[in-house]
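# Quick one: sequence and predicted model below, then my questions.
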Amino acid sequence: SDVLPVYEPGLDEVVTAARGKNLHFTTDIKAAIKAADLIFVSVGTPTKSYGIGAGRAADLRYIEGAARLIAEVAEGNKIIVEKSTIPVKTASAIKTILAANSTNDATFQVLSNPEFLAEGTAVEDLTAPDRILIGGESTPEGQIALEALVSVYAHWVPRERIITTNLWSSELSKLVANAFLAQRISSINSISALCEATGADVDEVANAIGTDS
C-alpha cells in the first residue's frame, strides 16, 4: 500500500525516502530471517489476562513465538535484538528457546536494545535520541555482537550517547525508566494542585526543580 497503516508525524516522509532502497517490506518472514544478520524482535508484550500474574505480569507468548520461528529457519550466525518492554532475564528464556528449537546448527547472540520512543515524537526521538541503550553478554562473542549493533546506530548517533551495559542492566533500565516517569508524572500532578492552592505557576516550579544537576 502507498498509505502507512499507522500515523506518526514525520514517519511517512522517512518511509517514502527509503522504501525500495534500503527499506523493504515483506510478508515472507522466514526468508527475511534467513537473509538477516541482525533480527529485531519488536512484538507486543501486553499484560497477562489469565493464569499466574494476571493483571500484572507481561504476556511473553509473542516473544516466545518469534524466538521459535527464528530458531526454526535461521542458518549461520544471528544476532537477536530485544526491542520490546520485557521482564528482566527474558533474554535467558529466548536463548533457551533458540537452543532447544534450532534445527540448522545456527549460533545466536541475544542483545537488549529497549525502546525509548514516544508517540507523537517518535521520529524525532529516533533521529536525535537522548541515549541509545544496548546490553550484551560479557563473552567475546557477546561483545562482537554488541559492537555490531553499536556500529549501526553510530551512523547518526554520537558515540557518547550510545550506552553499553550487560544484558540484565539494559532490560532493567527500561523498566526503571518507565517507573521513574510514572513517579514524576504523579508527583507533578500533586504539585500542580499545590500550585493552584498557593498561586504558584507549575511550569515555573517544574523548570526550577528541573535545573538540579
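Cool, got the structure.

# Can you show me the helices along this protein?
11-18, 29-35, 61-73, 90-101, 122-127, 140-153, 167-198, 202-210 (DSSP state H).

# buried residues in the third one?
For helix 61-73, the neighbour count (16 or more other CB atoms under 10 Å) marks Ile63, Glu64, Ala66, Ala67, Ile70, Ala71, Val73 as buried. Yep, even glycine has a C-beta here, placed from its N, CA and C like the rest.

# CSV please, covering the helices of the chain and showing mean pLDDT.
Shown next, in CSV, are these (pLDDT from 0 to 100):
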stretch, mean pLDDT
helix 11-18, 95
helix 29-35, 94
helix 61-73, 92
helix 90-101, 89
helix 122-127, 94
helix 140-153, 96
helix 167-198, 93
helix 202-210, 92
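
# and these as JSON lines, adding distance to Thr45?
Below are the helices of the chain laid out as JSON lines (distance: least, CB to CB, whole Å):
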{"stretch": "helix 11-18", "distance to Thr45": "22"}
{"stretch": "helix 29-35", "distance to Thr45": "19"}
{"stretch": "helix 61-73", "distance to Thr45": "7"}
{"stretch": "helix 90-101", "distance to Thr45": "9"}
{"stretch": "helix 122-127", "distance to Thr45": "18"}
{"stretch": "helix 140-153", "distance to Thr45": "20"}
{"stretch": "helix 167-198", "distance to Thr45": "11"}
{"stretch": "helix 202-210", "distance to Thr45": "31"}
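
# out of these, nearest to Val41?
When the helices of the chain are compared by CB to CB, helix 61-73 sits nearest Val41, at 4.9 Å.

# Which secondary structure elements does that closest one sit against?
Helices and strands touching helix 61-73, by 3 or more CB pairs under 8 Å, 6 or more residues apart in numbering; DSSP states H and E, are helix 29-35, strand 38-41, strand 77-82, helix 90-101.

# For that helix, give me every contacting residue.
29-30, 33-34, 39, 41, 43-45, 78, 80, 82, 84, 86, 90, 93-94, 97-104, 106, 108 (CB atoms under 8 Å, 6 or more residues apart in numbering).

# how about 7 Å then?
29-30, 33-34, 39, 41, 43-45, 78, 80, 84, 86, 90, 94, 97-98, 101-103 (CB atoms under 7 Å, 6 or more residues apart in numbering).

# got a list of what Thr85 touches?
Thr85 makes contact with Thr45, Pro114, Lys174, according to CB under 7 Å, 6+ apart.
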